[in-house]
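**Q** Model the following, please.
(one chain, ligands or ions: 1)
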Amino acid sequence: MKFYEKYVSRSALLDYVEMACKQMAKRFVEPPKWFEHPPPEVEPPQLRKPDTKCFEDKKTHQSKYCKRCQQEADEEEQKLAEAEAKAREQKKDKSKNKNSLRERMKARAAEAKVQAAKKQKTST
Ligand SMILES: [Zn+2]
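**A** Model prediction:
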């Protein structure tokens with residue numbers, strides 16, 4: 001029971017917490033006046049390949065890609081062309097859709113007119 005009173009009871013625990021807080025407060029150091037908070041985090045830069053070609057002939061000063069870079073450039077070009085073609089197709093589809101919608105609306109309007117005329121005929 002004595003052990004419990006000394007180390008586990010509420011007052012003992014509070015004593016322990018107080019001691020810890022005091023020790024931490026003792027070790028606090030005021031930051032020097034020149035200290036500034038670091039600037040906020042920025043997103044990491046996007047790493048990309050250099051725009052210049054990797055090989056330059058020293059005599060003719062003509063630059064060109066090495067084989068691997070040439071392959072990558074070709075692939076990139078192809079992908080770009082594919083994406084463009086896709087976008088163009090989608091645009092076409094959109095205009096087609098618009099036209100079909102317009103025609104459907106016209107057809108519906110004509111049908112409604114015909115039905116309204118029929119109704120008038122039957123009512124009179
Ligand atoms: Zn290269």
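**Q** where do the strands sit along this protein?
**A** Ranges of strands within the chain are 55-56, 63-64, based on DSSP state E.
**Q** which strands and helices sit next to the first one?
**A** So the one you mean is strand 55-56. strand 63-64 (3 or more Cβ pairs under 8 Å, 6 or more residues apart in numbering; DSSP states H and E). Every residue, glycine included, has its C-beta placed from N, CA and C.
**Q** Which elements pack onto the strand it packs on?
**A** Against strand 63-64 (3+ Cβ pairs under 8 Å, 6+ apart) you get strand 55-56.
**Q** Does the ion have contacts with the strand it packs on?
**A** No. Judged by Cβ under 5 Å from the ion, strand 55-56 stays clear of the ion, getting no closer than 6.8 Å.
**Q** List the strands paired with that strand, with their directions.
**A** strand 63-64 (antiparallel) (DSSP bridges).
**Q** where's the strand it pairs with relative to the chain centroid, distance-wise?
**A** 35 Å (Cα atoms, centre = their mean, to the nearest Å).
**Q** Outside of the worst-scoring helix or strand of the chain on mean pLDDT itself, list whatever touches it.
**A** One helix or strand of the chain scores below all others by mean pLDDT, DSSP states H and E: strand 55-56, with a mean of 81. For strand 55-56, contacts defined as Cβ atoms under 8 Å, 6 or more residues apart in numbering pick out 62-66.
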